[in-house]
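Trainee: Everything below, folded, please.
(2 chains)
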Amino acid sequence: MSTQDQDREQTATQNLTLVQSVRDALATEMESDDDVLVMGEDVGKNGGVFRATEGLYDEFGEDRVIDTPLAESGIIGTAVGMAAMGLKPVPEIQFSGFAYPGFDQIVSHMARLRTRSRSRYTLPMVLRMPYGGGIRAPEHHSESKEAFYTHEAGLKVVIPSTPYDTKGLLISAIRDPDPVVFMEPKLIYRAFRGDVPEGDYEVPIGEAVTRREGSDVSVFTYGAMTRPTMEAAEELAEEGIDAEVVDLRTVSPMDRESIVESFKKTGRACVVHEAPKTGGLAGEITATLQEEALLYQEAPVKRVTGYDVPYPLYALEDYYLPNAARVADGIKEAAEF
Amino acid sequence: MSTLERDPGDGMVQVLDEEGGVVGDVPDLSEEEFVAMYRHMKLARHFDERAVSLQRQGRMGTYPPLSGQEGAQIGSAMALAEDDWLVPSYREHGAAMVHGLSLTETLLYWMGDERGSLVPEDANVFTPAVPIASQIPHATGMAWADKLKHDGETDRAFICYFGDGATSEGDFHEGLNFAGVFDTPNVFFCNNNQWAISVPRERQTASETLAQKAVAYGFEGVQIDGMDPLAVYKATTAALEKAKNPGEGERRPTLIEAVQYRFGAHTTADDPSVYREDDEVEEWKAKDPIPRLERFLRNQDVLDDERVAAVEESVREQVADAIDAAESTVRPDPGSMFDHVFAEQTPEIRRQAAEFAQLREKYGDEAFVEE
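Mentor: Residues are numbered from 1 along each chain as shown, chains lettered A, B, ... in the order given. Reported below is the predicted structural model:
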């Protein structure tokens, strides 16, 4: 946190939404590195359906902001070939729920080419995809399937929750020699603004950040769920429960050390994500605490997650998604056990 | 001529007939190059026979044989310039060998040693892809990257190999479609060997030819006799040239359908007697590319009994040496499996690698390795 504050003092800042910070990161890296290009459906003239690439086409031209045919496997598969040849493509999948036609390319090739070639080839590519619910979207537009990519060795999976982190993490991801799946919480694309330095800076991949210090219970979360979690923590503070909120920022590789350290301090944990419970990352975090800090444990680890049902149409999505009330209930259960 | 302008199978590009007689324009190759082509084909055949035998003896894992494809593989790979790129499926041992991948590396790969995946830096050969057709978008992306890096001009072409079954996959469509749209310097080389394991070519598509699918992508498709190495060489040379220097209004990519036959099984784990007739195999063996080229070269006085015997002798030696080298390679360091996941190991991978090392130290490798 302190380094972030220093950065803010040193550089001129802008007040950006999260999606604007995506665009700012892309523009910053494209400006400084000719090998960086963006590609995908509607990313060019249209500036992306969420406007994440707005204006880049005019600024960098059609060879670096490429409108591709509508073909997820083609987008990801050709990006694999481009990256192997030394470019740094940043393909966009319009919604994470549409990534599955390209899933084979992600898991069979994007994740494995370094291993498959004994490091002769590396893929400095970043696969961007908006994920998650809460925007009243049609079917297949609200999924939160980060566990798929986290389970696949060879991929890094980043999920930011603030405009500042989004820019710094995306720049780190583009500079990373290995492939990164960059999942953007579209619920908070425009929900608020934050200070974002001009120019380039990195937020390191693989490091969690403590959003709120607390002594009674550790709450682990990431992405769009960071907001209701913080809200719940503030509400509970008034009731005398002091929750520590840790935002993972990168779900793979996961910052186990920070998770375990926080838990050792509080002895109680609640994990919050909007992805379904079974096979979700809350299970991984819980198991890590069992392995690393069993003797510090004062209460069962509580999981507040989406349900094991296909993401519902929007008339019911408020019931599906964890909100501040559900999160507060979960934190209380862990705190009061 | 476009594939749609003539009847399928009729006028298929051919230089040598089945007897090795000349029926088309012979490509301009020197005597040495002709002998090299013959030698590479004999080498690929002998390698293949030995590889199958090694698998049968338990000295190698599952292996995909290539016999029958020597004309297609060697004829096309010899057309490549050193700078051109070769993007193989999992069966192009012969083509990859011509373009700089050693037989020892191919053997190591199929013997389960990851080091066989390390293509030397001086060979423009991509690592083999096992999922069907998935390498096609890679080849398009590679060619596209080359074009982008050189402001639309390129002096390299990218040849990508796949089988007839691959043409049914979405990735075939997506890879060729992107290549057409972005006019990339690609040659898509379909080894139509008639069978995708047990499913015949007729079950892959109702199209009369595979080559005609190129029309849908806006570029040329040609159907060639894939068991005629000279026809293959000629068609591939023309396609590579067009990829680098297209004519006015001409699109760079080409889809080549090389009509041929896989003599053996799909892999050593497959038994083709279940799904195909012996008569069919015999019919195709009469078109074997090796005796066909040999008869032609004997007629040209390029080969005689003595030179053929010398080629056979040197090919046997080369394959035996490759097998010795592969089998005498010390097994890979087990800890190396943690080395090539990321440029830098993550904390969790480091932790798992350390735990693994401790377990080996505690119990010894005999506790892990099954005899």
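Trainee: And the helices in chain B?
Mentor: Secondary structure of chain B (DSSP state H): helices at B:31-56, B:70-77, B:93-98, B:103-110, B:135-149, B:170-182, B:213-217, B:229-244, B:278-285, B:289-299, B:305-327, B:347-363.
Trainee: what's the answer for the stretch 151-300 of chain A, then?
Mentor: Ranges of helices within the stretch 151-300 of chain A are A:163-175, A:226-238, A:256-266, A:281-293, based on DSSP state H, counting those that start in this stretch.
Trainee: Between the two ends of stretch B:97-109, what distance do you get?
Mentor: In stretch B:97-109, first residue to last residue: 13 Å (Cα to Cα, to the nearest Å).
Trainee: ok, now stretch B:49-67?
Mentor: OK, stretch B:49-67 end separation, Cα to Cα: 8 Å.
Trainee: Now do the buried residues in that stretch.
Mentor: B:50, B:51, B:52, B:54, B:55, B:60, B:63, B:64, B:65, B:66, B:67 (16 or more other Cβ atoms under 10 Å in any protein chain shown). Backbone N, C-alpha and C define where each C-beta goes, glycine included.
Trainee: Residue B:178 and residue B:97, how far apart?
Mentor: According to Cβ to Cβ, to the nearest Å, residue B:178 stands 29 Å off from residue B:97.
Trainee: Who has more neighbours out of these two?
Mentor: A direct count of neighbours by other Cβ atoms under 10 Å in any protein chain shown for residue B:178 and residue B:97 places residue B:178 higher, at 27 against 24.
Trainee: confidence score at that one?
Mentor: Here, the pLDDT recorded for residue B:178 equals 98.
Trainee: Then the one 5 residues further on?
Mentor: Model confidence at residue B:183, given as pLDDT, is 97.
Trainee: Out of the helices of chain B, which is closest to residue A:38?
Mentor: helix B:135-149 (12.7 Å; Cβ to Cβ).
Trainee: what about that closest one, near chain A?
Mentor: Yes - with Cβ under 8 Å from any Cβ of the partner chain as the measure, helix B:135-149 is seen reaching chain A through B:136-146, B:148-149.
Trainee: cool, stretch B:167-179 as well?
Mentor: Yes - applying Cβ under 8 Å from any Cβ, one finds stretch B:167-179 in contact with chain A at B:170, B:171, B:174, B:175, B:177, B:178.
Trainee: What's the local residue count around residue B:279?
Mentor: Count around residue B:279 with other Cβ under 10 Å applied: 8.
Trainee: Same question for residue A:88.
Mentor: By the criterion of other Cβ under 10 Å, residue A:88 has 22 neighbours.
Trainee: For residue A:235, see how far away it is.
Mentor: Residue A:88 sits 43 Å away from residue A:235 when distances are taken as Cβ to Cβ.
Trainee: Stretch A:135-154 spans what distance, first to last residue?
Mentor: Stretch A:135-154 end-to-end distance (Cα to Cα) = 31 Å.
Trainee: Now do it: distance to the chain's middle.
Mentor: With Cα atoms, centre = their mean, to the nearest Å as the basis, stretch A:135-154 stands 11 Å off its chain's centre.
Trainee: returning to what we had before: winner for burial among the helices of the stretch 151-300 of chain A?
Mentor: helix A:163-175 (a mean of 25; mean count of other Cβ atoms under 10 Å in any protein chain shown).
Trainee: Next, the angle helix A:226-238 makes with it.
Mentor: 140 degrees (axes from the mean of the first three to the mean of the last three Cα atoms, to 10 degrees).
Trainee: For the residue of the stretch 151-300 of chain A at minimum distance from chain B, list the residues it contacts.
Mentor: Nearest residue of the stretch 151-300 of chain A to chain B, counting by Cβ to the nearest Cβ: residue A:253, 3.7 Å away. Going by Cβ atoms under 8 Å, 6 or more residues apart in numbering or on different chains, residue A:253 touches A:156, A:205, A:206, B:346, B:347, B:348, B:349.
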